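1. using only what follows, build the 3D model:
(chains A, B, C and D)
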Number of protein chains: 2
Amino acid sequence: MKQQRNTKQRQLVLDAVRARCDHPSADQIYLDVRAIDDKISRGTVYRNLNFLAQNGELLHVKVSNADRFDCRLDFHYHLLCTECGAVCDVPLSYHAELDQQLAAKTGYVIERHRTVFEGRCPGCQHKSEHS
Amino acid sequence: MKQQRNTKQRQLVLDAVRARCDHPSADQIYLDVRAIDDKISRGTVYRNLNFLAQNGELLHVKVSNADRFDCRLDFHYHLLCTECGAVCDVPLSYHAELDQQLAAKTGYVIERHRTVFEGRCPGCQHKSEHS
DNA sequence: TTGTTTGCAAACCATTTGCAGAATG
DNA sequence: CATTCTGCAAATGGTTTGCAAACAA
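-> Okay, the predicted model is just below:
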């Protein structure tokens, strides 16, 4: 479940995610990595993002349209501005007890839950104050 | 924000979502409606699902890949079986206070949050007991 | 009649995949 | 040397869109 090789492309992808404080989409990572290695292909970036997320080296954040990736590995919630699309981490703690409650009630084996808050960021609120 | 016409296609789409207790994808709705009106097009189904969700007549549930729709209109959480893809409602209440807490902490105007629990349903647990 | 909606097909976008060749351990 | 990984390009899956004809108000 963890046999792997250290290719420079894999490392570039991982570094690129770690170098960003926002939650980049696969394509943003592609562009970042592309700026360093102009021969790397989209396929390789996608493959490596999935590989790294599966091996627990990255977190996969599923937000509406394009998937995002995060180098913070602990479970946490995200906040999406529905206007500009920005994604940031939420300063609230993960409620693991919900997983347990739900498991007890349903018979499911619960692995986790994902929560995305939706709203408008301060910047976007100002933008449309007058429009 | 609500000027609309009552077309039989729109009604068929709405009825189709209401007729299901699971959380159908757009394509499932298309197939259901198609069984009644074999001339309706995918485009029309997608357009109407979006229209109805925007007008508050349906709830848009965003789960990993394909979007789902729900005729329950109150905010509630969902449970996804990561193996068979089934989606069901969660018997836990919506925590509106989280929205307020987050708004106070971040300055965002929070409209809501979406939570999807991920796990394996009892059926899928049994399936792979031996494999 | 006027503006909305439909059907169709093509376009889109993000992502995945098949394959032959390159690189890793 | 055996395998894993890459680049490329084509394929996929879900969804959106442009347009002319059909239709509701």
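
2. hmm, stretch A:79-96 touching chain B?
-> Yes: using C-beta under 8 Å from any C-beta of the partner chain, stretch A:79-96 comes into contact with chain B via A:Leu79, A:Cys81, A:Thr82, A:Val90, A:Pro91, A:Leu92. For the C-beta atoms, the positions are set from N, CA and C on the backbone; glycine is no exception.

3. next, the distance between the ends of that stretch.
-> 19 Å (C-alpha to C-alpha, to the nearest Å).

4. which outside residues touch that stretch?
-> A:22-23, A:61, A:63-64, A:68, A:70, A:72, A:74-78, A:115-121, A:123-124, A:127-128, B:98, B:101-102, B:105-106, B:108, B:110-111 (C-beta atoms under 8 Å, 6 or more residues apart in numbering or on different chains).

5. okay, buried residues for stretch A:28-36 please.
-> A:Gln28, A:Ile29, A:Tyr30, A:Asp32, A:Val33, A:Arg34 (16 or more other C-beta atoms under 10 Å in any protein chain shown).

6. contact partners of it?
-> A:9, A:12-13, A:16-17, A:19-20, A:24, A:40, A:42, A:45, A:49, A:69.

7. which one of those is nearest DNA strand C?
-> Closest approach to DNA strand C among the contacts of stretch A:28-36 (C-beta to the nearest atom of the strand): A:Arg42, at 5.2 Å.

8. tell me where chain A has helices.
-> A:8-18, A:26-36, A:42-54, A:96-106, A:122-127 (DSSP state H).

9. let me have these in JSON lines, extended by distance to B:Arg5 and mean pLDDT.
-> Listed next are the helices of chain A as JSON lines, based on distance: least, C-beta to C-beta, whole Å; pLDDT from 0 to 100:
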{"stretch": "helix A:8-18", "distance to B:Arg5": "47", "mean pLDDT": "94"}
{"stretch": "helix A:26-36", "distance to B:Arg5": "38", "mean pLDDT": "94"}
{"stretch": "helix A:42-54", "distance to B:Arg5": "42", "mean pLDDT": "94"}
{"stretch": "helix A:96-106", "distance to B:Arg5": "42", "mean pLDDT": "96"}
{"stretch": "helix A:122-127", "distance to B:Arg5": "32", "mean pLDDT": "87"}
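
10. any chance of the ones you listed in a markdown table, plus distance to B:Gly56?
-> As requested, the helices of chain A are exported to a markdown table (distance: least, C-beta to C-beta, whole Å):
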| stretch | distance to B:Gly56 |
| --- | --- |
| helix A:8-18 | 37 |
| helix A:26-36 | 33 |
| helix A:42-54 | 35 |
| helix A:96-106 | 27 |
| helix A:122-127 | 22 |
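
11. still on that earlier bit, would you show me how to pick out the buried ones of the contacts of stretch A:28-36 in PyMOL?
-> Only the buried entries of the contacts of stretch A:28-36 go into this PyMOL selection, using 16+ other C-beta under 10 Å:
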select buried, chain A and resi 9+12+13+16+17+24+40+45+49+69
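
12. keep the contacts of stretch A:28-36, but drop any that are not near DNA strand C.
-> The subset of the contacts of stretch A:28-36 within reach of DNA strand C, counting by C-beta under 7 Å from any atom of the strand, consists of A:Arg42.
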